[in-house]
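Asks: Need a 3D model of the following:
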Amino acid sequence: MTLKTIIRTAMAAAAAAVAIAGAEAADISGAGATFPYPIYSKWADAYKKETGNGLNYQSIGSGGGIKQIKAGTVTFGASDKPLKADELAASGLVQWPMVMGGIVPVVNLSGVKPGDLVFDGDTLAKIFLGTITSWDDPAIKKLNPGVTLPSVAIAVVHRSDGSGTTFNFTDYLSKVSADWKSKVGENTSVQWPVGIGAKGNEGVSNNVMQTQGAIGYVEYAYAMQNKLTYADMINMAGNKVAPTSDTFQSAAANADWAHAPGFYQILTNQPGASSWPITASTFILMPKQPKDTAAAAEALKFFSWAYANGGKMAQDLDYIPMPDAVVALVKKTWTDEIKGADGKALIN
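Replies: Next up is the predicted model:
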C-alpha cells in the first residue's frame, strides 16, 4: 500500500467517523413524564424512519424530568405539572404544551368490565383518603345500583415517584373534596393516607392488574394498552361521562392558552356537559439558551414535525392533539425565546 493510499484511507475513515458523530449528535435526549410516553415513543419511531434521527426518552416521571432539565443533563424535560412563570424565569426555561389526554381510575374486580362502575369526585377522594375501605360501601353501591359489588377490601395503588399524573389527579381531588384539600392537597408527590406506591404509569398499571380489589389512576393510553378496567365519572355538570377523545376534547376546549403566562394551564374539573373531569396537558421544558444548540435545534425540528404529522398517531392512542392556534403560539415562543449564543433563533 502506497503512502498516498494510506493517507486516502485514513482520510476516508476520519470522514466516516465525523459522519457517525454527526448522526449521534442529532439524536435527542429527553426525560420526564410517563403520561405521554406511549405517544412520544410512537412519534420517535416514525421520526427515526423518516429522518434517521433518534429520540432517547427516559420515562422517569415529571419530577425527574424537571430535575434533569434544570441540571442540564438532557436536551428537554417533560412534565405533566406545568411550571409557573416565575419558576420558568428563575430557571431560564421555556415551556409549552405538547399533547393532551385523560387520567382515569382503574380497578381490578372480578366480573366488572370497563365502564361498569362510575365514581363521583367525593367518593373517589374518600377511597384514596382511606375513609371508604370496602367495595360494598354504601356510597359506592348508591352510585352503582346495577353492579354486584363484593365485600372485598379496597387496595389503593398510587404513584411512588414525583409525577405530573399525580399532580393532576390530586389537583382534581382538591377541587372536589374539601377534606382532601385540607388533609393532602395537590402536588407531584403527596403524603398518601393509604395504599401502596408504584413507579410510573407502568408500575401502577402492573400493580392494579396483579391485585384483586385494587384501584389506581393512570393515563388512558396505559389503561387501553394493558386492557385495564376503567371507571366512568360524574363530571362538574353532574353528568356521567366515559373517558373518550370527545370527552377529553370537551374539557380541553375551555383552555385559554393565549392568556396563560408560560402556557400554565390546568384542565381538571372543567365545565361542559360532556367534559371528562381529569383531563391534562403534558408539557415540554427547554432552556432559553441551550448549551448544545445542535441538539436543541434538532429537538425543535422533532416537535415541529410531531405537531404537523403526529395528530393521527396521537388520536389513535386517545390523546388530543394541540389546536392549530396553540401550535402557532408555541412556534412563536420558540422563535422569540430559544436562542443560540449568537442571539439568533434556533428554528424559524
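
Asks: ranges for the strands of the chain?
Replies: For the chain, applying DSSP state E gives strands covering 28-32, 55-59, 76-79, 93-107, 118-119, 155-159, 196-198, 214-219, 229-230, 232-234, 240-241, 279-287, 320-321.

Asks: Of all these, which one comes closest to Gly262?
Replies: Taking Cβ to Cβ as the criterion, strand 93-107 is the member of those that comes nearest to Gly262, at 5.4 Å. To be clear about C-beta, it is placed using only N, CA and C from the backbone, and glycine gets the same treatment.

Asks: what angle separates that closest one from strand 279-287?
Replies: Following axes from the mean of the first three to the mean of the last three Cα atoms, to 10 degrees, one obtains 150 degrees for the angle between strand 93-107 and strand 279-287.

Asks: Around the residue nearest to Leu117 when sequence neighbours are not counted, how many other residues sit close by?
Replies: Nearest non-adjacent residue to Leu117, counting by Cβ to Cβ, 6 or more residues apart in numbering: Ala231, 4.2 Å away. A total of 22 residues lie near Ala231 under the criterion other Cβ atoms under 10 Å.

Asks: To Leu329, which of the strands of the chain lies closest?
Replies: Closest to Leu329 of the strands of the chain is strand 93-107 (Cβ to Cβ; 8.2 Å).

Asks: give me phi/psi at Lys227?
Replies: Lys227 adopts backbone torsions of phi 50, psi 40, taken as degrees, to the nearest 10.

Asks: tell me the contacts of Gly77?
Replies: Neighbour list for Gly77: Gly30, Ala31, Gly32, Gly65, Ile66, Gln68, Ile69, Lys70, Ile284, Leu285, Met286 [criterion: Cβ atoms under 8 Å, 6 or more residues apart in numbering].

Asks: Out of those, who's the most crowded?
Replies: Across these, neighbour numbers were computed from other Cβ under 10 Å; Gly32 holds the maximum, 33 neighbours.

Asks: Enumerate every residue touching the nearest residue to that one once chain neighbours are set aside.
Replies: Nearest-residue entry for Gly32: Gly65, 1.9 Å, with adjacent residues in sequence omitted and distances by Cβ to Cβ, 6+ apart. By Cβ under 8 Å, 6+ apart, the contact list for Gly65 reads Gly30, Ala31, Gly32, Ala33, Val74, Gly77, Ala78, Ser79, Leu285.

Asks: ok so, going back, looking at the contacts of Gly77, spot the one nearest Leu149.
Replies: Gly32 (37.6 Å).

Asks: where do the helices sit along this structure?
Replies: Along the chain, the segments classed as helices by DSSP state H run 3-26, 37-51, 62-71, 85-91, 121-129, 138-143, 164-176, 178-183, 200-210, 220-225, 245-252, 293-309, 311-316, 324-337.

Asks: Any chance of JSON lines for the ones you listed, columns distance to Asn108?
Replies: Written out in JSON lines, the entries for the helices of the chain read as follows (distance: least, Cβ to Cβ, whole Å):
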{"stretch": "helix 3-26", "distance to Asn108": "43"}
{"stretch": "helix 37-51", "distance to Asn108": "21"}
{"stretch": "helix 62-71", "distance to Asn108": "25"}
{"stretch": "helix 85-91", "distance to Asn108": "38"}
{"stretch": "helix 121-129", "distance to Asn108": "14"}
{"stretch": "helix 138-143", "distance to Asn108": "15"}
{"stretch": "helix 164-176", "distance to Asn108": "18"}
{"stretch": "helix 178-183", "distance to Asn108": "23"}
{"stretch": "helix 200-210", "distance to Asn108": "5"}
{"stretch": "helix 220-225", "distance to Asn108": "12"}
{"stretch": "helix 245-252", "distance to Asn108": "23"}
{"stretch": "helix 293-309", "distance to Asn108": "34"}
{"stretch": "helix 311-316", "distance to Asn108": "26"}
{"stretch": "helix 324-337", "distance to Asn108": "37"}
